[in-house]
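1. Need a 3D model of the following:
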Amino acid sequence: MSSPFAFDTVERLVSRIIAGEAVFFVGAGFSLDSEPNSSARLIRRLMARFAAITEHLEARAGKVGESPTVASAAPSLREGLRVTFNLGDKLQSKGMVADQTIKKLTQDYYKINDWICSSFTILLRELAKVDASVLAEIRRREAELLNQNVDGRPYDVVRLDGFDAEALLALGNDAGKSLFLETMGFGNADIWGGDPRAGGREEALNTYGERLRDRQHIIARLAREGLAPLVLTTNFDLLLEGACRAAGFEVDDARQTDPAKPSATYDRLLVVAGPTEFFERGTAYRAALLLKIHGCVYRYRQERKAGGLARYLPSMVFTFREIQNWRKDSWSRDVVSTLLRTRSIVLCGYSGADPVVHDTFRTVYEEILAHRPTPQSPAKLERGEYSSESASEKDAAEVRDTRAFFTGAAGQAEFAGLEILRAGSRAAGLTDPPLFGHPNYLPFHLRGEPGAPQLFPTLDELFVWIYHRTLRRLQRNAILSDLGRIAAMLLRRNVAPADVEEICSVFEEQCRDENDYARHWGESPGSRREFRQITVWTSHFHLALLREFALMETVARNQRSSLRIQEFRSSGYYCALLDRPGWGAWGAVVEMALRRMAARDDTHAAAAQSAYPVALVTSRGGEFTKTAVVLRGPSLYRLPHSDVPGVYRRVHEWQG
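-> Next up is the predicted model:
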């Protein structure tokens, strides 16, 4: 059965975004297909190291001729692992990294994380007594275990990093946790990649390779607009910071603004990954905030390099005890609780299965419900003491008031996430929220195997549509508020209010046509084709056109900026419409004009994916030469041919 495209749910969410009420809460599922650090992968790395260390120490302790003082906790730890986690009758090293074992351990990863941290502390004391050749042999065995072929592929293509047992032991009770984090690859850019604070913007983006996805870029754009400048995440990775750097944010609260850059209200991203930053890092400017409530890989590397690791380790939430203690972690717990009471939370790639965080969501919503006014009694309604509305209208209003949205796999029902949605609906006054098919559930299809058909929509496509509808609403508001002013400036004459209203009416009709298509989308390839034809205007043409307008203003303000204008012309750099609503309105007029001119000649206008605003004009009958219309501001360079599809032989370039 085809899953309908969640058009109405997106519309409700976009209304919250436009009102500045939405807060994105990002979990591990947001990153899995770009940086595949699944629980299974990370726990297998831990098991490989645990197996190699205990196997070697156990063999060394039983070796003939060794001193009687050589004893090891390794045998009891191996047996303890088997019994504690019910891993069968016998557990050899190869069995510790096998799929069956890993699947069982990932069912409650906080517990195995806690157990391994304690085990590593014990094992480090023994490893501090051995020479370097022993550690080298252990590392060889780790690689061997991770390189076991499964369907012709190794478990993990990245080897575990080495470690210094004596240096780790200096951390005291946190020694095992530090080895745990090293084993998970916190110091390895192949496991947790990207450096958002690298010198130049392009230099920083090059460290990400192909990791960044549309979903991260969309959140960065909404933050740049000032519509969703606060993002929460339980992730340790650096992907959101990378997307924000691509959008033009400076990910450093001490750096001065580059005078050659287009101005922006939200120009800086403040990353808060621990209580010290939350309470002490004040800024004298408006900044977007990324709150990493379980810690951050960058901060871990920074503190390790500066010798402050012991101070930061408690901020890294990994173990059963640490997630329990999160109830008492006032800075992040109180922030989350306050946001649940005052904002609409959008759960993205977050299952809601963490028991303590889940309990926080449910508890806050239940507190809100407890303080709601008593429902109107049927007897009083009959006596006419209260006005009444139909049950369907009342339910619809309460769904609109639900302060939670959840992105989840299509055709599935993620229990924890749905229970959060149901609790949010009860807090809004809905007495009996649905157990399945909640109106605020945003379904998407997981990416299939390479070469397999991909159902529509993916998570990235869902986010692109969210951005499309947000930008369309911003454009409509800008036409009403700023078109008259910007048109008078450009045309050097006043524009009648009736003309503005007519233009707005035409734009609204265009948006209605787009929405009519979207309401009928399903999983078919045809839906994806229509989706791309519609969203390419907002995700590429208008993004590029706003950038060109901003660059023109920048050069007019500072002529020397023209020497570096190409630096800010990359496809990811984002100039907010809300910073320049007049240009947003004029961009909508340009699009409508291009569409109308093409329609008069029985041709069709589309947009292209380019760093420049490019409109593609083709004959409906395919009889005439295809034409590309390129709009761009000042430049010292000729238009690169690669920015226009090769089939468009005629290129008309307008340079402002």
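
2. quick one: residue 228 from residue 220, how far?
-> Note on residue 228: its distance to residue 220, by Cβ to Cβ, to the nearest Å, is 10 Å. (Glycine included, C-beta is placed from N, CA and C.)

3. So the two - more neighbours on which side?
-> When residue 228 and residue 220 are compared for neighbours, residue 220 comes out ahead with 28 against 24, by other Cβ atoms under 10 Å.

4. So which residue is smack in the middle of the protein?
-> Centroid-nearest residue in the chain: residue 216, 4.2 Å away (criterion: Cα atoms, centre = their mean).

5. which residue ranges form the strands in this structure?
-> Taking DSSP state E, the strands of the chain run over residues 22-26, 230-233, 268-272, 287-292, 344-348, 404-409, 441-444, 603-607, 614-619, 627-632, 650-655.

6. Now do the third one: which elements does it pack against?
-> Right, strand 268-272. Applying 3 or more Cβ pairs under 8 Å, 6 or more residues apart in numbering; DSSP states H and E, one finds that strand 268-272 makes contact with helix 239-247, strand 287-292.

7. and if you look at the fifth one?
-> Contacts of strand 344-348 with other secondary structure elements, assessed using 3+ Cβ pairs under 8 Å, 6+ apart, are made with helix 7-18, strand 22-26, strand 404-409.

8. For the ones you listed, give me JSON lines that also has mean pLDDT.
-> JSON lines is the format used below for the helices and strands packed on strand 344-348 (pLDDT from 0 to 100):
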{"stretch": "helix 7-18", "mean pLDDT": "97"}
{"stretch": "strand 22-26", "mean pLDDT": "97"}
{"stretch": "strand 404-409", "mean pLDDT": "94"}
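
9. re earlier: make JSON lines out of the strands of the chain and add distance to residue 185.
-> Output for these, formatted as JSON lines (distance: least, Cβ to Cβ, whole Å):
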{"stretch": "strand 22-26", "distance to residue 185": "20"}
{"stretch": "strand 230-233", "distance to residue 185": "18"}
{"stretch": "strand 268-272", "distance to residue 185": "20"}
{"stretch": "strand 287-292", "distance to residue 185": "17"}
{"stretch": "strand 344-348", "distance to residue 185": "23"}
{"stretch": "strand 404-409", "distance to residue 185": "26"}
{"stretch": "strand 441-444", "distance to residue 185": "28"}
{"stretch": "strand 603-607", "distance to residue 185": "40"}
{"stretch": "strand 614-619", "distance to residue 185": "41"}
{"stretch": "strand 627-632", "distance to residue 185": "43"}
{"stretch": "strand 650-655", "distance to residue 185": "47"}
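
10. Poorly predicted segments of the stretch 451-600 of the chain, please.
-> Across the stretch 451-600 of the chain, nothing is flagged by pLDDT under 70.

11. To residue 542, which of the helices and strands packed on strand 268-272 lies closest?
-> helix 239-247 (14.8 Å; Cβ to Cβ).

12. follow-up on the earlier one: and the strands of the chain, which one's lowest on average pLDDT?
-> Lowest mean pLDDT within those: strand 650-655, a mean of 70.

13. can you tell me which of the strands of the chain comes nearest to residue 514?
-> Comparison of those against residue 514 by Cβ to Cβ identifies strand 603-607 as nearest, at 13.1 Å.

14. So which elements touch the closest one?
-> Strand 603-607 packs on helix 525-536, helix 581-600, strand 614-619, going by 3+ Cβ pairs under 8 Å, 6+ apart.

15. And the first one, what does it pack against?
-> Looking back up the chat, that one is helix 525-536. Packing contacts for helix 525-536, counted by 3+ Cβ pairs under 8 Å, 6+ apart, involve helix 459-491, helix 497-519, strand 603-607.

16. Dump these into JSON lines; add distance to residue 321 as well.
-> What follows is the helices and strands packed on helix 525-536, written out as JSON lines (distance: least, Cβ to Cβ, whole Å):
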{"stretch": "helix 459-491", "distance to residue 321": "33"}
{"stretch": "helix 497-519", "distance to residue 321": "47"}
{"stretch": "strand 603-607", "distance to residue 321": "53"}
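
17. what's the most buried one of those?
-> Stretch with highest mean neighbour count among the helices and strands packed on helix 525-536: helix 459-491 (a mean of 20; mean count of other Cβ atoms under 10 Å).

18. ok now it, how far from the chain's centre?
-> Distance of helix 459-491 from the chain centroid (Cα atoms, centre = their mean, to the nearest Å) equals 23 Å.

19. Same question for stretch 139-155.
-> Stretch 139-155 sits 31 Å away from the centroid of its parent chain (Cα atoms, centre = their mean).

20. Next, the buried residues of that stretch.
-> Burial within stretch 139-155, assessed by neighbour count using 16 or more other Cβ atoms under 10 Å, is assigned to 139, 141-143, 145-146, 155.

21. Out of those, flag the one nearest to residue 84.
-> Using Cβ to Cβ, residue 145 comes nearest to residue 84 of those, at 20.5 Å.

22. Residue 613 versus residue 536, what's the distance?
-> Between residue 536 and residue 613 the computed distance is 11 Å (Cβ to Cβ).

23. list the residues that contact both of those two?
-> When Cβ atoms under 8 Å, 6 or more residues apart in numbering defines a contact, the residues bordering residue 536 and residue 613 alike are residue 607.
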